[in-house]
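Q: from the sequence below, what's the structure:
(6 chains)
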Protein chains: 4
Amino acid sequence: MNSSHRLDDPAGDQDGDRPGHRADRRSERARRAILNAADDLLVEVGYAGVTIEGIAARAGVGKQTIYRWWSSKADVLMDNFSTDARSELALPDLGSVREDLMTYLRQLALFLTEAPAGAVLTALIGQAQHDRAMAATFRDAHLAEHRERERVLLRRGIVRGELRADLDVDAALAELIGPVYYRVLVTGEPVGPAFTDALVTSFLSNRALTA
Amino acid sequence: MNSSHRLDDPAGDQDGDRPGHRADRRSERARRAILNAADDLLVEVGYAGVTIEGIAARAGVGKQTIYRWWSSKADVLMDNFSTDARSELALPDLGSVREDLMTYLRQLALFLTEAPAGAVLTALIGQAQHDRAMAATFRDAHLAEHRERERVLLRRGIVRGELRADLDVDAALAELIGPVYYRVLVTGEPVGPAFTDALVTSFLSNRALTA
Amino acid sequence: MNSSHRLDDPAGDQDGDRPGHRADRRSERARRAILNAADDLLVEVGYAGVTIEGIAARAGVGKQTIYRWWSSKADVLMDNFSTDARSELALPDLGSVREDLMTYLRQLALFLTEAPAGAVLTALIGQAQHDRAMAATFRDAHLAEHRERERVLLRRGIVRGELRADLDVDAALAELIGPVYYRVLVTGEPVGPAFTDALVTSFLSNRALTA
Amino acid sequence: MNSSHRLDDPAGDQDGDRPGHRADRRSERARRAILNAADDLLVEVGYAGVTIEGIAARAGVGKQTIYRWWSSKADVLMDNFSTDARSELALPDLGSVREDLMTYLRQLALFLTEAPAGAVLTALIGQAQHDRAMAATFRDAHLAEHRERERVLLRRGIVRGELRADLDVDAALAELIGPVYYRVLVTGEPVGPAFTDALVTSFLSNRALTA
DNA sequence: TAGTAAGCGAGACGGTACGTCACGTCTTAAC
DNA sequence: GTTAAGACGTGACGTACCGTCTCGCTTACTA
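A: Predicted structure coming up:
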């Protein structure tokens, strides 16, 4: 469903040059114009208002060029997401799980409610409810990486001896992160620091090895 | 945005009869056909495949009849939702918070992942990510009631002396219910009894007054 | 392929009212706007430049309204053709075959080379060379009538005793009319009165009963 | 508009791009593949279905190679036409105008209705109705030669003393050939030997010097 | 008990966007 | 310097639905 990128990536193109591999002449200019146009439009007119025609017009590009490399507007938006999320959701490493988790959850709440890339994320999650194939792609190609980075937070706590070695990391993540998404996606309630801090406190009061 | 129903409701029509008010001749037959057609279509072709034209055709109804009483396909689907959810998410009352919560969360997980009405709910939450006005209506007219019933579960625990009187009920609900929605809406991980039971256990180990 | 017209025709609606016949709510306004737009465009930009989108835009009409009643741009153009041709190619009746034929052929030559409706006709004949189905429709629904009127010219001559009763009317028409079309469609040579008069003279010198 | 060919054809170069061909000269292989592909496609999918992309794909050739040497699909098809027409419409020379004309008209009728090259011709005439520039090219570069050869038929009759010296040859050709084209292009009626023979008989009964 | 007005089914209408096709131009690498 | 390949911007295709708007029609209340 999704496309490969950065074909022209100057640094680090250690492409295997597999036999039968042809030079790809994809236009980097068009690729960037499309991704930017899509992001801009999402912010300006909302997900429902984003159209392939609109992206093409704004990017100064033919519709076919979009369809050649992406399968839908969701696919275009996914393309930017990981990059943006990676930079805006940097993993904290402050020396203790408590601080790391508190920092991360605060950051996540802000990301989801304030950042443009957060709006992309919630829109994509919304779309995933309507489209199983897109949901699968989204999880595999984008959320998985995101999630793996979150696991690291907890694993560091285990290594440090702050958390039990037999902790069910995925369940713990659901317990910590789930309430944040729940408020953002379902109830629309605010997700302030008090709320996220309390989640961490509650979590640690059960699992922390050290008082 | 939404509509009121059962205008033809045979029993209990104690209509206010304001001056100049004319009896309404809305067709109950059409109303039911539309709601059923919408639900059927959602299951058969998915949210994105549901269209007003499709509902009208399947229900044997003119499009105008739909637009006369509802504002969108989301509005039609919302109409069924509360009714269905009420009956399928009956509140347990088994004498202890632990059991009530465990039962309820298991039920909720099943509802969200297996029930047709659960599919309607996740579709509507998906749509809410793309449409702020619809999101507001949905929360006010449908989720609010749903949520109020969930609060009762915890309030009963307080009354029974199982939970502290100063418990932040909304935060507690987010902590219990959020992880379930998170898995359903975001990660797609299974949500089995072990997972939901653990959520209750974890929750109570922090808040329970009685060991 | 083609459509029926004048559904709203006030006078002369001696419609058989066959059982099951429903009143049609087709918009006469849209019908006329489309036909006029198509004719105008043909003159302004030529057949190849006429597009369904262009007709729709010029007529202030949705594309679907065109597709609902016609199958292609050729179908739209055919629709005007018979009406126009009927009025611009009035059959002369001057008392002698010689005069009738000379008048008619001069008229035909002018029609084909000068009249807007003549441009429609040659464009449609051109299209018929590329599209067998359209060719069949065109002949059955439009040329047939046209041609039948031409036969009348010769039949009147037979009735008057100016031509032999066993004249092969269709072959005679080909002999008279064919050269005119040939010059217009194939060679592009001018088709002046001297040319058409000579065709009549040549024809009659073989078939005329009366010197 | 049209192109010149056989750049490699100094004197009888019947090569098929033999090994050792110059890569910086026009490829005869490509030229032939393109012309053949175009002819094949015309027969298989009809004029409207022939596309430059289709020709390129079928010929195993880049689109640019077509555009480099021809200006349009009509131009490609014209290229084959004269060659084919020359060989399939050989001028008869049987000693008398009557026999020559009868033979030629029968041949022409068959060519137009049965031969692949005849289908090319009618398609080109059709296209000429939509495109004035192409029409001019077609007449100058292809029909003119064709037509000149037809004049020879009549001039031989004049030389032989069978036709009057002051015969208007072009008008006579229109009278003889026009009806054939008319039936093929316009009415779609069959054009059998009886019809064409009658044309010749009718023509000669007016112009023949010798009874 | 006849008239009348609302709701109904039907579906035409002006639109927007879809996803596809082919256009004619362009760039690249291979020979 | 031509070739096969194919990406590009452009623009039309024909389709699906949108939400609005009449059309008769049926029905049940009012006058």
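Q: pLDDT below threshold where in chain A?
A: Scanning chain A for pLDDT under 70 picks out the ranges A:1-24, A:210-211.
Q: domain boundaries for it, per the record?
A: Domain assignment of chain A by automatic domain parsing yields the ranges A:3-69, A:76-208.
Q: which of these sits closest to C:Arg155?
A: For those, proximity to C:Arg155 was assessed by C-beta to C-beta; domain A:3-69 is nearest, at 58.5 Å. Just so you know, the C-beta spots here come from the backbone N, C-alpha and C atoms, and that holds for glycine as well.
Q: what's near enough to touch A:Gly178?
A: Listed by C-beta atoms under 8 Å, 6 or more residues apart in numbering or on different chains, the contact partners of A:Gly178 are B:Gly178, B:Pro179, B:Val180, B:Tyr181, B:Tyr182, B:Arg183.
Q: count residues in the vicinity of the third one, would you?
A: Read that as B:Val180. The tally of other residues near B:Val180 (other C-beta atoms under 10 Å in any protein chain shown) stands at 23.
Q: that one: which element?
A: Element membership for B:Val180 (DSSP states H and E) is helix B:169-181.
Q: closest to C:Gly161 out of the contacts of A:Gly178?
A: Of the contacts of A:Gly178, the one sitting nearest to C:Gly161 (C-beta to C-beta) turns out to be B:Tyr181, at 97.8 Å.
Q: burial count for the closest residue to that closest one other than its chain neighbours?
A: Leaving aside its chain neighbours, B:Tyr181 sits nearest to A:Tyr182 (4.8 Å; criterion: C-beta to C-beta, 6 or more residues apart in numbering or on different chains). Neighbours of A:Tyr182 under the rule other C-beta under 10 Å: 24.
Q: any part of stretch A:95-113 near chain B?
A: No: using C-beta under 8 Å from any C-beta of the partner chain, we find that stretch A:95-113 stays clear of chain B, coming within 11.0 Å at best.
Q: list the contacts of that stretch.
A: A:85, A:88-94, A:117-118, A:121-122, A:150, A:153-154, A:156-157, A:160, A:162-163, A:176-177, A:180-181, A:184, A:190-193, A:195-197, A:199-200, A:203-204, A:208.
Q: quick check: PyMOL command selecting the buried ones in these.
A: To isolate the buried ones among those in PyMOL, judged by 16 or more other C-beta atoms under 10 Å in any protein chain shown, type:
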select buried, chain A and resi 85+89+117+118+121+122+150+153+154+156+157+162+163+176+177+180+181+184+191+195+196+199+200+203+204
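Q: if we can go back for a sec, and the domains of chain A: which comes nearest D:Thr51?
A: The minimum distance between D:Thr51 and the domains of chain A falls on domain A:3-69, with 15.8 Å, by C-beta to C-beta.
Q: chain neighbours aside, what residue packs nearest to A:Gly157?
A: Sequence neighbours aside, A:Val97 is the residue nearest to A:Gly157 in space, at 3.5 Å (criterion: C-beta to C-beta, 6+ apart).
Q: also A:Phe195?
A: B:Ala171 is the one closest to A:Phe195 (C-beta to C-beta, 6+ apart), at 6.3 Å.
Q: what packs against the strand or helix carrying A:Asn36?
A: Assigning secondary structure by DSSP H and E places A:Asn36 in helix A:28-45. Where contact means 3 or more C-beta pairs under 8 Å, 6 or more residues apart in numbering or on different chains; DSSP states H and E, helix A:28-45 is packed against helix A:52-59, helix A:63-69, helix A:73-88, helix A:116-128.
Q: could you single out the most deeply buried of those helices?
A: helix A:116-128 (a mean of 21; mean count of other C-beta atoms under 10 Å in any protein chain shown).
Q: angle of it against helix A:28-45?
A: Here helix A:116-128 runs at an angle of 80 degrees relative to helix A:28-45 (axes from the mean of the first three to the mean of the last three C-alpha atoms, to 10 degrees).
Q: how about the residues of chain A by DNA strand F?
A: A:22, A:24-27, A:29-31, A:33, A:56, A:60-65, A:68-69 (C-beta under 7 Å from any atom of the strand).
Q: which residues does the residue in chain A positioned nearest to chain C contact?
A: Residue nearest to chain C within chain A (C-beta to the nearest C-beta): A:Glu53, separated by 14.3 Å. Contacts for A:Glu53 were tallied using C-beta under 8 Å, 6+ apart; they are A:Lys63.
Q: do the helix holding A:Asn36 and DNA strand E meet?
A: No: judged by C-beta under 7 Å from any atom of the strand, helix A:28-45 and DNA strand E are separated, with a smallest distance of 8.8 Å.
Q: and if you look at stretch A:51-60?
A: Yes: against DNA strand E, stretch A:51-60 shows contacts by C-beta under 7 Å from any atom of the strand at A:Thr51, A:Ile52, A:Glu53, A:Gly54.
Q: make a markdown table from these and add distance to A:Ala109 to it.
A: Shown next, in a markdown table, are those (distance: C-beta to C-beta, whole Å):
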| residue | distance to A:Ala109 |
| --- | --- |
| A:Thr51 | 31 |
| A:Ile52 | 32 |
| A:Glu53 | 35 |
| A:Gly54 | 30 |
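Q: next, give me the two most distant ones among those residues.
A: Pairwise over those, using C-beta to C-beta, the maximum falls at A:Ile52 and A:Gly54, 7.3 Å.
Q: ok, the closest residue to A:Leu163 other than its chain neighbours - contacts?
A: For A:Leu163, ignoring the flanking residues on the chain, the nearest one in space by C-beta to C-beta, 6+ apart is A:Gly157 at 4.1 Å. By C-beta under 8 Å, 6+ apart, the residues touching A:Gly157 are A:Val97, A:Asp100, A:Leu163.
Q: quick check: the second one is in a helix.
A: Yes: following the definition DSSP: H, G, I helix; E, B strand; the rest coil, A:Asp100 is counted among the residues of a helix.
Q: quick one: the spatially closest residue to it that is not a sequence neighbour and A:Glu114, what's the gap?
A: Distances taken as C-beta to C-beta, 6+ apart place A:Pro92 nearest to A:Asp100, at 5.0 Å, with adjacent residues excluded. Using C-beta to C-beta, to the nearest Å, A:Pro92 is found at 18 Å from A:Glu114.
Q: cool, A:Pro190 as well?
A: 11 Å.
Q: A:Tyr67 too?
A: A:Tyr67 is 33 Å from A:Glu114, by C-beta to C-beta.
Q: repeat for A:Gly60
A: Distance of A:Gly60 to A:Glu114, given as C-beta to C-beta: 30 Å.
Q: on that earlier part again, contacting residues around the residue nearest to B:Tyr181?
A: Residues in contact with A:Tyr182 (C-beta under 8 Å, 6+ apart) are B:Ala174, B:Ile177, B:Gly178, B:Pro179, B:Tyr181, B:Tyr182.
Q: again, but for A:Leu94
A: Applying C-beta under 8 Å, 6+ apart to A:Leu94 gives the contacts A:Asp100, A:Thr103.
Q: having no further points to raise, I will conclude here.
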